[in-house]
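In: what would the 3D arrangement of this be:
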Amino acid sequence: MKICIDPGHSGPVEPGACAGGFTEAAINLAIGLVLGELLRGKGHEVILTRSGDIEDDGLAFRADIANEAGADIFISVHCNAAERLEARGVETYHYPGSAEGLCLAQAIQAALCQGGYTLDRGVKEADFAVLRLTDMPAVLIECGFITSEADREVLISEAGQRLIAEAIVSSIGTESL
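Out: So this is what the prediction gives:
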């Protein structure tokens, strides 16, 4: 299977949410790189929208990369943030009306929640550009809240990043696409 991984945000140009001295962009990239390594180990072809910091935080180019590569699925990795510091949990988004996106989102959300590292905030629909502009089943995963000390501990640790990536990998192929 050909899988496009999109570590959300860009680095210095647009770091995403920031908390505790960490940036969402750096965490997304770390998880995305581990995810890519694990998927390649399972025989999948992996395309990354970025493998380091970039100067462009546009969204259309991310979908273009996946579309031009003929990816079978698109996974955008993110961290959530909230003013309420006790907010925690993982949620997975798909494009409204995409049955295949819904199946993929449900499989990934279930696998992440089995990890037990945070709360289940559910599968949700959203009209995010990376979900709308991709030609294949696509999801955007909010792997946890960078603003939650408990979630952030998992998100920034190598063990936590591997736990998240392994859960995502375990769900690939379990959805009925």
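In: low-confidence ranges in this structure?
Out: 174-177 (pLDDT under 70).
In: find the centremost residue of it, please.
Out: Central residue of the chain (C-alpha atoms, centre = their mean): Val77, 1.9 Å from the mean position.
In: pretty sure Val77 sits in a strand.
Out: Yes - Val77 sits within a strand when classified using DSSP: H, G, I helix; E, B strand; the rest coil.
In: and the residue nearest to the centre of the chain, bridged to which residues?
Out: Pro7, Ile141 (DSSP bridges).
In: identify the residues contacting Pro92.
Out: Just to correct that, residue 92 is Thr rather than Pro. Contact analysis of Thr92 by C-beta atoms under 8 Å, 6 or more residues apart in numbering lists Ala105, Gln106, Ile108, Gln109, Leu112, Val123, Lys124, Val139, Leu140, Ile141, Glu142. C-betas here are computed from N, CA, C, even on glycine.
In: now do the SS call for it.
Out: strand.
In: and if you look at Ile31?
Out: helix.
In: what about it, neighbour count?
Out: Close neighbours of Ile31, defined as other C-beta atoms under 10 Å, add up to 26.
In: wouldn't it be in contact with Leu163 here?
Out: No - counting by C-beta atoms under 8 Å, Ile31 stays clear of Leu163, with 9.8 Å between them.
In: tell me who's in contact with Ala105.
Out: Thr92, Tyr93, His94, Val123, Val139.
In: most neighbours among these, which one?
Out: Ranking these using other C-beta under 10 Å puts Val139 first, with 32 neighbours.
In: dump the residue contacts of it.
Out: Applying C-beta under 8 Å, 6+ apart, the residues near Val139 are Ile73, Phe74, Ile75, Ser76, Thr92, Tyr93, His94, Gly101, Leu104, Ala105, Ile108, Leu131.
In: quick check, Ile141 in contact with Ala107.
Out: No - between Ile141 and Ala107 there is no contact under C-beta under 8 Å: 11.4 Å.
In: which one's more surrounded, those two?
Out: Using other C-beta under 10 Å as the criterion, Ile141 and Ala107 rank with Ile141 on top: 26 against 22.
In: look up how far Arg50 lies from that one.
Out: 16 Å (C-beta to C-beta, to the nearest Å).
In: equivalent analysis for Glu37, please.
Out: 15 Å.
In: neighbour count winner among these two?
Out: Arg50 (23 against 13).
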